[in-house]
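J.: the following block contains a protein sequence and its predicted model.
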Amino acid sequence: MLQRLRKNKSSQGTLLAMPTTLWIVALLIIPLILIFIISFGKRSPDGDVIYTFSLDNYARLLGYSTDCDTGQASCFNPLYVQILWRSLTLAFNTTILVITLAYPLAYFIARSHQKHRSIYLFLVLIPLWTNFVIRVYAWMMLLRKEGVINIALGWIAGLFGIDFVPLELLYTPGAVLVGMVYEFLPFMILPIYTSLEKIENNLFEAAADLGANPFKTLLRVTLPLSMPGVVAGTILVFIPVMGTFIVSDILGGRQVILVGNLIQRQFLDARDPTFGSAASLILMILTLIVTYFYTRKFGFGEEIVAA
Amino acid sequence: MNPNRRSPFVLVAAGLVYFFLYAPIIVLILYSFNASRVNVTFEGFIPSFSERVVMEGSMVQSSPCGPFHWFCELVKNREVASAARNTLTVAFTATIIATIIGTMAAMAIQRYNFRMKPFSQLSLYIPIVIPEIVMGIGILILFSQLFGFLNNALGLTGDSRLSLGLGTVIVSHIAFMVPFVTLVVQARLHGFDKSYEEAAMDLGANEWTTFRRVTFPMILPGVLSGALLAFTLSLDDFVITFFTNGPGSTTLPIYVYGLLRRIITPQVNALSTVWILIVFTAVLLLQRLQNREV
């Protein structure tokens, strides 16, 4: 048998790839199938899953409750649709803000002298590898009523002799947005840098020779050629923002509930895995649709591995 | 891109973004030296050293460690020690397994044609396109259903019941790490020149010797960078661990998250400071290594 395996290149390949593929099937694909099955199930009184085929969970997500008296107008409650919509718009806003902040920095690094580039990149990597939870905590300290931002604002107001009442910054939608932007900024800087770095200098010279001013060069040469980086970065930012629950948990308190918080609570506090599964399935489909149309329009660069 | 004239706008914008990236981290570190136990505002450094901790209200007046009081408290904290041990156990075990099987898969995909290949390749993108929370709860459902079934079928009771713990955390970490390892190693294998192996075979080396003496040393840098990526992913992971850990298998990120929802003392900041220092050193070493390669 060993002799045969030695000759058969195809089964050698299968054998080598087997552990990885099996691992992915067992722990990533089968769980997705389980989520799909359970989302049509029902919750038993003691929090277990009853396997049936019921669309109750999806009806509930759309705002129609099944366990209230029939025919009542108050039965319709679009709470969950609002949560989904809030998560989508937050992910969208975060991505736009992150691109706006990341682009100039990536551009700066890509155009700086070869010698200094690794230092500038190093400075981006430090916050990236500082733990996610620690980074949220840092913003908690900054945004608190007695926090550094309010102290700084109070000091500035004092300079102008204005009375200053500390602002409520923590536990607001703005706090969650800032936290998300901060968390995911490095994931945009690195892919944009990678695509900018590849652009050859003579392209800029050619543009200048042909009479383009710096602004026109940016618009017609730099931006289009760096699109693969922006696309890869968007995928690396948009998808995690859609599913993150720590940022809204810590910086939003109970005020800002996102789909991630909704799912997490179904598995821990409320204990309804079937409803949580339905919500995750919707979340997954939403992100896949957005990613699909986005990558089909702009293409999918290898920059995604760069980060 | 080569050096070029930089517009002042780009310079200022880059400076502001760096400020945005670092201001929170600097504040975080500063507060780990806070004299106030309440840690709401910065009340100055702990002024002096003494044999025993002297408190006045919520203020630490002096401590055996002086300004480094909270770092000493951290070292004495048993929960932190256990969480740190768990974090490292998970990261090391999962990295070793993920690196081995990921490298094998990368070689298979790069050099062989087999029927499963398109599927194997496509499945590598799952952790990139699926939100982490969905993977986390999926794995949680898998384990709870599987363990429920096995516990019933085998009649396990009490302590012998299968439940979430370090084992489930490690197995789950491997699942989301292995695609990244495979992709990184595969990228490095891309430009691999096969003629070296052919030369070794022509000179009479068998397949195993060729792999050990020629192939492996050549792909080693790729394998190492894959392993490093996997290790950092594991250290940093919160979501997957959150859903797959059980009693006694708390990792550092989970521990910090738990603290944030309760009382926050400067100890959390001290822990963060230590973490940032470790990351700083690790990234610095990594860059040195890479620069030497080039």
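T.: Noted; the coordinates are in hand. Residues are numbered from 1 along each chain as shown, chains lettered A, B, ... in the order given.
J.: mind listing what's buried in the lengthiest helix in chain A?
T.: Assignment by DSSP state H gives helix A:79-111 as the longest helix of chain A. For helix A:79-111, a neighbour-count test (16 or more other Cβ atoms under 10 Å in any protein chain shown) marks A:80, A:83-84, A:86-88, A:90-91, A:94-95, A:97-99, A:101-111 as buried. Heads up, the C-betas are built off the backbone N, CA and C, glycines and all.
J.: off-centre distance for that helix?
T.: 9 Å (Cα atoms, centre = their mean, to the nearest Å).
J.: residues contacting the closest residue to chain B within the stretch 101-250 of chain A?
T.: Taking Cβ to the nearest Cβ, chain B has its nearest neighbour within the stretch 101-250 of chain A at A:Gly243, 2.9 Å off. Contact partners of A:Gly243, counting by Cβ atoms under 8 Å, 6 or more residues apart in numbering or on different chains, are A:Val259, A:Gly260, A:Leu283, A:Thr287, B:Pro131, B:Glu132, B:Ile133, B:Val134, B:Val239.
J.: SS state for the residue lying closest to A:Leu167 once chain neighbours are set aside?
T.: Ranked by Cβ to Cβ, 6 or more residues apart in numbering or on different chains and with sequence neighbours excluded, the top spatial neighbour of A:Leu167 is A:Asn150, at 6.1 Å. Secondary structure state of A:Asn150, per DSSP: H, G, I helix; E, B strand; the rest coil, is helix.
J.: buried stuff in stretch B:186-201?
T.: B:Gln186, B:Ala187, B:Arg188, B:Leu189, B:Glu197, B:Ala200.
J.: that one: end-to-end distance?
T.: End-to-end distance for stretch B:186-201: 23 Å, by Cα to Cα, to the nearest Å.
J.: does that stretch come close to chain A?
T.: Yes - judged by Cβ under 8 Å from any Cβ of the partner chain, stretch B:186-201 and chain A are in contact via B:Ala187.
J.: what about that stretch, average pLDDT?
T.: In this model, stretch B:186-201 has an average pLDDT of 82.
J.: ok now it, how far from the chain's centre?
T.: From the chain centre to the centre of stretch B:186-201 is a distance of 31 Å (Cα atoms, centre = their mean).
J.: what comes into contact with that stretch?
T.: So stretch B:186-201 is contacted by A:302, A:305, B:106-107, B:109-111, B:207, B:209-210, B:213-215, B:218-219, B:221-223, B:225-226 (Cβ under 8 Å, 6+ apart).
J.: quick check: phi and psi on the nearest residue to the residue of the stretch 101-250 of chain A closest to chain B once chain neighbours are set aside?
T.: Distance criterion Cβ to Cβ, 6+ apart; nearest residue to A:Gly243, sequence neighbours excluded, is B:Pro131 at 2.9 Å. Backbone geometry at B:Pro131, expressed as degrees, to the nearest 10, gives phi -60, psi 140.
J.: these two touch, right, B:Pro131 and A:Ile285?
T.: No - the pair B:Pro131 / A:Ile285 is not scored as a contact, 11.0 Å apart, by Cβ atoms under 8 Å.
J.: got any ranges where chain A has weak pLDDT?
T.: A:1-7, A:66-75, A:270, A:299-307 (pLDDT under 70).
J.: where do the strands sit along it?
T.: A:42-43, A:49-50 (DSSP state E).
J.: so which of the ones you listed is nearest chain B?
T.: strand A:49-50 (7.7 Å).
J.: residue contacts, A:His185?
T.: Just to correct that, residue A:185 is Leu rather than His. Counting by Cβ under 8 Å, 6+ apart, A:Leu185 touches A:Val98, A:Leu101, A:Ala102, A:Pro127, B:Val17, B:Phe20, B:Leu21.
J.: one more pass at 7 Å, please.
T.: When contacts are counted by Cβ atoms under 7 Å, 6 or more residues apart in numbering or on different chains, A:Leu185 touches A:Val98, A:Leu101, A:Ala102, B:Leu21.
J.: check A:Leu34 too.
T.: B:Gly138, B:Ile141, B:Leu142, B:Gln145.
J.: give me the nearest residue to the third one, chain neighbours excluded.
T.: If you skip the residues right next to it in sequence, B:Leu142 has A:Pro31 as its closest partner in space, 4.7 Å away by Cβ to Cβ, 6+ apart.
J.: what number of residues lie near the one you found?
T.: Around A:Pro31 there are 23 other residues, counting by other Cβ atoms under 10 Å in any protein chain shown.
J.: distance-wise, check it relative to A:Ser280.
T.: Remark: distance between A:Pro31 and A:Ser280 (Cβ to Cβ, to the nearest Å) = 10 Å.
J.: cool, and A:Ile50?
T.: Taken as Cβ to Cβ, the span from A:Ile50 to A:Ser280 is 19 Å.
J.: next: B:Val10.
T.: 41 Å.
J.: what does A:Ala207 give?
T.: On the measure of Cβ to Cβ, A:Ala207 and A:Ser280 end up 47 Å apart.
J.: more neighbours: which of those two?
T.: The neighbour comparison of A:Ala207 against A:Ser280 (other Cβ under 10 Å) goes to A:Ser280, with 32 against 18.
J.: leaving out sequence neighbours, find the closest residue to the more buried one.
T.: Here the residue nearest A:Ser280, using Cβ to Cβ, 6+ apart, is B:Val134, at 4.6 Å.
J.: how close does that neighbour sit to A:Leu34?
T.: 11 Å.
J.: same deal with B:Ala94?
T.: 22 Å.
J.: now do B:Gly165
T.: Between B:Gly165 and A:Leu34 the computed distance is 20 Å (Cβ to Cβ).
J.: with A:Gly260 instead?
T.: A:Gly260 is 19 Å from A:Leu34, by Cβ to Cβ.
J.: by proximity to chain A, which residue of the stretch 151-294 of chain B wins?
T.: For the stretch 151-294 of chain B, Cβ to the nearest Cβ, closest residue to chain A: B:Ala175, 3.6 Å.
J.: can you classify that residue by secondary structure?
T.: Applying three-state DSSP: B:Ala175 is helix.
J.: isn't it right up against A:Leu27?
T.: Yes - if you go by Cβ atoms under 7 Å, B:Ala175 and A:Leu27 touch, sitting 3.6 Å apart.
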